[in-house]
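Enquirer: using only what follows, build the 3D model:
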Amino acid sequence: MPQMAPMWWTILMMMFTMMILLTNTITFFNNNKEMKTSKKMNTNKMVWKL
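Expert: The predicted model follows:
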């Protein structure tokens, strides 16, 4: 089985790193947007503590 050249390993590692960073930023901003909209909706909370 042929081995990959070291240059291809670095390109592959950089590609996976960029994919992870892109996925994390998309989920962060998506969750941040949902948190802002949920704050506006939950202004009339019921008091459950006595």
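Enquirer: all contacts plus neighbour counts: C-alpha atoms, from now on.
Expert: Fine.
Enquirer: distance of Arg32 relative to Leu21?
Expert: To be clear, residue 32 is Asn; Arg isn't right here. 16 Å (Cα to Cα, to the nearest Å).
Enquirer: should've said Trp9
Expert: From Trp9 to Leu21 the distance is 18 Å (Cα to Cα).
Enquirer: again, but for Asn31
Expert: Asn31 is 15 Å from Leu21, by Cα to Cα.
Enquirer: can you give me the helices in this protein?
Expert: 6-41 (DSSP state H).
Enquirer: low-confidence ranges in it?
Expert: Residue ranges of the chain with pLDDT under 70: 1-2, 4, 34-45, 49-50.
Enquirer: now with 80?
Expert: The chain contains residues with pLDDT under 80 at 1-4, 32-50.
Enquirer: give the contact list for Met14.
Expert: Contacts for Met14 (Cα atoms under 8 Å, 6 or more residues apart in numbering) come out as none.
Enquirer: please apply the same query to Ala5.
Expert: No contacts exist for Ala5 under Cα under 8 Å, 6+ apart.
Enquirer: could you measure from it over to Val47?
Expert: 63 Å.
Enquirer: what does Met13 give?
Expert: Distance from Met13 to Val47, counting by Cα to Cα: 51 Å.
Enquirer: looking at those two, which is more packed in?
Expert: Met13 (12 against 6; other Cα atoms under 10 Å).
Enquirer: need the contact list for Trp48.
Expert: Contacts of Trp48 (Cα under 8 Å, 6+ apart): none.
Enquirer: start the count at 4 instead of 1 going forward.
Expert: Sure thing, new numbering starts at 4, so read that last one as Trp51.
Enquirer: check the gap between it and Met16 for me.
Expert: 50 Å.
Enquirer: what about Trp11, neighbour count?
Expert: 10.
Enquirer: whoops, Asn33 was the one
Expert: Neighbour tally, Asn33, other Cα under 10 Å: 11.
Enquirer: how far away is it from Thr26?
Expert: Applying Cα to Cα to Asn33 and Thr26 gives a distance of 11 Å.
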